[in-house]
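**Q** The following comprises the amino acid sequence and a computationally predicted model.
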Amino acid sequence: MQHTLIAKMENKPGVLNRIASLFRRRSYNIESLNVGHTENPLISRMTIVMGGTDVDTKIVESNLYKLVNVIDVQNVTQQPSVSRDLALIKVAAAPERRSEIASLADIFRARIVDVAPDSVIVEITGTEEKIEGLLELLRPIGILEMVRTGQVAMLRGKADSSSKDSLDG
Amino acid sequence: MKKTGAEIFWECMIKEGVEVVFGYPGGVLVPLLDTMLNYPIHHVLVRHEQGAAHAADGYARASGKVGVAIGTSGPGATNLVTGIATAMMDSSPIVCITGQVSAPFVGKDAFQEVDITGITLPITKHNYLVTRAGEIAGVVREAFYIARSGRPGPVLIDLCKNAMLEETEFIYPDEISLPGYHPPIEPSQDALKSAAKLIAEAKRPLILAGHGVLMSGAMNELREYVEKTQTPVTMTLLGLGSFPASNIYSLGMMGMHGEAYANNAIQNADLIIGMGMRFDDRVTGNLRTYAPRARKIHIDIDAAEIQKNVIVDLAILGDLKTVLGDLLPLLEPQQHEEWMDQISEWRSETEKRDILYHEKEENLLAAHVIRDFWEYTKGNAIVATGVGQHQMWTAQYYHFDKPNTFITSGGMGTMGFGLPASVGAWFAHKDKEIWLVDGDGSFQMTQMELATIVQEGANIKILIMNNHFLGMVRQWQELFHDRRYAATVISGPDFVKLADAHGIPGRRVTKNEEVLPALEFAHQTPGPVLIDFHVEREDVVYPMVPAGADLDNMLRRPLRQEKNHPTKGKK
């Protein structure tokens, strides 16, 4: 089963390495990993999607907490949360197929963000299933290249204050 | 006032109470060591950086304070690695300082540059790369705090040469800001109440005491617990000394080479309470059949240990001393006569098999030597060991009554730990003698530290159990590989001559009647002494739970004539 963890950590050099090393050392597999700044520049936020049992996830969680730079870890798998993936998909598109691609993109609320003589780039944001859905329809047309961000996730409801309280600035 | 980074470094060391550091110099360390001469710090020159890390570790284990090791960049840093991993596995608080090339050269494959923070990332509790003088005070303060608090462990500071030389304002931070690090946990009241209920219901309870009892300083609380509830205690290798071996409720060591009655007790208990231990594979055997009749409580300070190896019914997170202090008032006095009778029965059966009941033979047996050593020192010595058969025999036959007197590498099983660790232990107790029980293989791994103990005048009494084999591996070959002794026959120098070359008095012992006089000689001779005991070559440590076997499926010493060992004391 897939689990989604949100970890907040001090924005310091080497922290990503510490987290990656933890997963490698204990032989857990990262399905996707996304790192970026938060509203507080001293804190980074990581969304980790991992496979494994509930017990595995608990052990990973406690090991993440053991890292001195990790401030907070939440397992949001079972909690009401919003999670999104972004994909850029370069599709082979002779001029006569552009409108077909455009209308598929429309249905998925995706956008065409670049048009070249024989290809277009489609940008889509959404859940993994939604992106998979669009990919399935674009595949017969011809996918030339694709890049995905991996999941980012956030709990629904009131703001989580942990990152504001725990660091000044 | 402005100070150089090197000055700031030593100022911080003084503030942390450091008096002694174990190290080896090198190019980038020159400015740091030069400045050291202006401070009341004693630098012990080891002969290999691995020895510096083990000595810092031995110092930490014997004193309860943070040990400090220093190595230069490159090979100096990588030589520390085995010692750091050893400290990590056994939760020993040490701070390792490595020199690093100047910040502008980092990442350029400069002379003697190595990515030591990268290398030690999985074997340190935390590590730092310091590129500017202004970072030093904060980092040193944090490093010592992290090393000794919570579940202790090694912290490494990689100090760039330019940071030692730069001048900056020295501001000692009053407070530590580590937003992600909150070690002291108040135990959950609900968990304590649930524990009290499980304990009240138990008819055959058993305490499994680990290193955490010693690290937390919970020896008195543990004793009080045992007195109130009459619960027997068995210990892990590193837990030895946390509860007096001479107490009737002590079952000695558990696990692979533990007492048979301790392992039987685990497999038949209806409640086991793990205190500051981590259910390592060397104490559990086959996890699927481990303690099948027992409900399980696990008390530990490290949440990542809970449910890692053994699935427990109840976990209490917290510092053991606090947890037991809070738990004791919730417990009613109990009696467990039937359970203790059962254990006594197992114990008397075990004693018949014990090698100590075997008549002394022509050949010396290491177990007999260690038993004699225990009696000679009345169980009061501080004892360090290497790793192997001699280590297990020491654990079995030196009955530790006092805490923090057994300095041994558990989790990592690092051969060569003994000699440098005893150097560290001596600096923690300079008024005492430190006894090292070592094997001929283990000793040869770090025997260059003989020169260190001579230079320091360290009062270390070295007892080598010399069987001309790598005995523990040979034992596995004998038992599981048809005695095919691949790569385990080991020669060695004449250890007495080796000692003599260092100016250390030595003696060789080959007969039983020479044992006590040799111990007396070691004790009476001031300073270091080496005794080379030529013991039975193919002896086996019993009992033994084969790796992965059920805990009560032990290989036992074959029964021989039951005669009393002439010097046998009370068990």
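**A** Arrived safely, thanks for sending.
**Q** For the residue nearest to B:R474 when sequence neighbours are not counted, give me its contacts.
**A** Excluding the flanking residues, the one nearest B:R474 by C-beta to C-beta, 6 or more residues apart in numbering or on different chains is B:T488, at 4.3 Å. C-beta coordinates here come from the backbone N, C-alpha and C atoms, glycine included. B:T488 makes contacts with B:F469, B:L470, B:G471, B:V473, B:R474, B:Q477, as judged by C-beta atoms under 8 Å, 6 or more residues apart in numbering or on different chains.
**Q** what about the fourth one, how many neighbours?
**A** Residue neighbour count, defined by other C-beta atoms under 10 Å in any protein chain shown, stands at 17 for B:V473.
**Q** Name the single longest helix found in chain B.
**A** helix B:337-353 (DSSP state H).
**Q** Sort out which residues of that helix are buried, please.
**A** Neighbour counts using 16 or more other C-beta atoms under 10 Å in any protein chain shown place B:W339, B:M340, B:Q342, B:I343, B:W346, B:R347, B:T350, B:E351, B:R353 of helix B:337-353 among the buried residues.
**Q** now, among those, which is nearest to chain A?
**A** Set against chain A, the nearest of those by C-beta to the nearest C-beta is B:W339 (31.8 Å).
**Q** Can you give me the distance of the closest one to B:T229?
**A** When C-beta to C-beta, to the nearest Å is the yardstick, B:W339 and B:T229 sit 11 Å from each other.
**Q** so what sits against both of these two?
**A** Common contact partners of B:W339 and B:T229 (C-beta under 8 Å, 6+ apart): B:P205.
**Q** strands paired with the longest strand anywhere in chain A, and their directions?
**A** The single longest strand within chain A, with elements called by DSSP state E, is strand A:81-92. Applying DSSP bridges, strand A:81-92 is found paired with strand A:119-126 (antiparallel), strand A:143-148 (antiparallel), strand A:152-155 (antiparallel).
**Q** Dump those into CSV; add distance to B:R204 and mean neighbour count as well.
**A** Formatted as CSV, the strands paired with strand A:81-92 follow (distance: least, C-beta to C-beta, whole Å; neighbours: other C-beta atoms under 10 Å in any protein chain shown):
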stretch, distance to B:R204, mean neighbour count
strand A:119-126, 58, 19
strand A:143-148, 56, 13
strand A:152-155, 46, 18
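**Q** I'd like those written out as TSV, with mean pLDDT added.
**A** Converted to TSV, the strands paired with strand A:81-92 look like this (pLDDT from 0 to 100):
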stretch	mean pLDDT
strand A:119-126	97
strand A:143-148	96
strand A:152-155	94
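**Q** could I get those as JSON lines with distance to A:G133?
**A** Conversion of the strands paired with strand A:81-92 to JSON lines gives the following (distance: least, C-beta to C-beta, whole Å):
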{"stretch": "strand A:119-126", "distance to A:G133": "9"}
{"stretch": "strand A:143-148", "distance to A:G133": "14"}
{"stretch": "strand A:152-155", "distance to A:G133": "19"}
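**Q** Measure how buried B:M448 is and give me the count.
**A** 16.
**Q** What of B:K432?
**A** 15.
**Q** Contact partners for it?
**A** Taking C-beta under 8 Å, 6+ apart as the contact definition, B:K432 lies against B:I382, B:W426, B:N459.
**Q** Tally up the residues packed near the last one, please.
**A** I take that to be B:N459. 20.
**Q** Just give the nearest non-adjacent residue to it, would you?
**A** Nearest non-adjacent residue to B:N459, counting by C-beta to C-beta, 6+ apart: B:E433, 4.7 Å away.
**Q** Look up how far chain A lies from that neighbour.
**A** In this view, B:E433 and chain A are 38 Å apart by C-beta to the nearest C-beta, to the nearest Å.
**Q** what does chain B have sitting close to chain A?
**A** Chain B has residues B:117-118, B:121-122, B:125-126, B:129, B:146, B:178-181, B:302-304, B:306-308 near chain A, with proximity defined as C-beta under 8 Å from any C-beta of the partner chain.
**Q** sec struct for B:R371, please.
**A** helix (DSSP: H, G, I helix; E, B strand; the rest coil).
**Q** Can you give me the distance of it to A:I143?
**A** From B:R371 to A:I143 the distance is 76 Å (C-beta to C-beta).
**Q** Can you pull up the most central residue in the chain?
**A** Just so you know, I chose chain A. A:Q151 (1.8 Å; C-alpha atoms, centre = their mean).
**Q** Not quite, go with chain B.
**A** Central residue of chain B (C-alpha atoms, centre = their mean): B:T408, 3.6 Å from the mean position.
**Q** still on that earlier bit, mind putting the contacts of B:T488 in TSV, pLDDT included?
**A** What follows is the contacts of B:T488, written out as TSV (pLDDT from 0 to 100):
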residue	pLDDT
B:F469	98
B:L470	98
B:G471	98
B:V473	98
B:R474	98
B:Q477	97
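**Q** Return the entry from those with the maximum number of neighbours.
**A** Once you tally neighbours by other C-beta under 10 Å, B:G471 ends up highest among the contacts of B:T488, having 30 neighbours.
**Q** Verify the stated contact: that residue with B:G439.
**A** Yes: counting by C-beta atoms under 8 Å, B:G439 is a contact partner of B:G471 at 6.2 Å.
**Q** what touches both of these two?
**A** Joint contacts of B:G471 and B:G439 (C-beta under 8 Å, 6+ apart) are B:G388, B:Q389, B:H390.
**Q** Roughly how far does the closest residue to B:R508 other than its chain neighbours sit from B:A291?
**A** Of all residues not flanking B:R508 in the chain, B:D532 sits nearest, at 4.7 Å (C-beta to C-beta, 6+ apart). Shown here: B:D532 relative to B:A291, a distance of 42 Å by C-beta to C-beta.
**Q** Doesn't B:I531 belong to a strand?
**A** Yes: looking at B:I531 with three-state DSSP, it is inside a strand.
**Q** which residues does it bridge with?
**A** Applying DSSP bridges, one finds that B:I531 bridges with B:L463, B:R507.
**Q** before we move on, the earlier item: in the longest strand of chain A, what's buried?
**A** A:S83, A:R84, A:D85, A:L86, A:A87, A:I89, A:K90, A:V91.
**Q** Next one, pLDDT for A:S163 please.
**A** The score at A:S163 is 45. That number is its pLDDT.
**Q** Check A:A159 too.
**A** So, for A:A159, pLDDT stands at 67.
**Q** okay, now B:E175: neighbour count?
**A** Number of residues near B:E175 (other C-beta under 10 Å) recorded here: 6.
**Q** What of the one 5 residues further on?
**A** Each residue near B:G180 was counted by other C-beta under 10 Å, and the total is 22.
**Q** so the nearest residue in space to it that is not next to it in sequence is in which element?
**A** Beyond its immediate neighbours in the sequence, the residue positioned closest to B:G180 (C-beta to C-beta, 6+ apart) is A:I71, lying 4.3 Å away. Using DSSP states H and E, A:I71 sits in strand A:70-75.
**Q** average pLDDT across that strand?
**A** What strand A:70-75 shows for mean pLDDT is 96.
**Q** That one versus strand A:81-92: what angle between them?
**A** Going by axes from the mean of the first three to the mean of the last three C-alpha atoms, to 10 degrees, strand A:70-75 is angled at 90 degrees with respect to strand A:81-92.
**Q** tell me which strands and helices strand A:70-75 is in contact with?
**A** Applying 3 or more C-beta pairs under 8 Å, 6 or more residues apart in numbering or on different chains; DSSP states H and E, one finds that strand A:70-75 contacts strand A:2-10, helix A:54-66, helix A:162-165.
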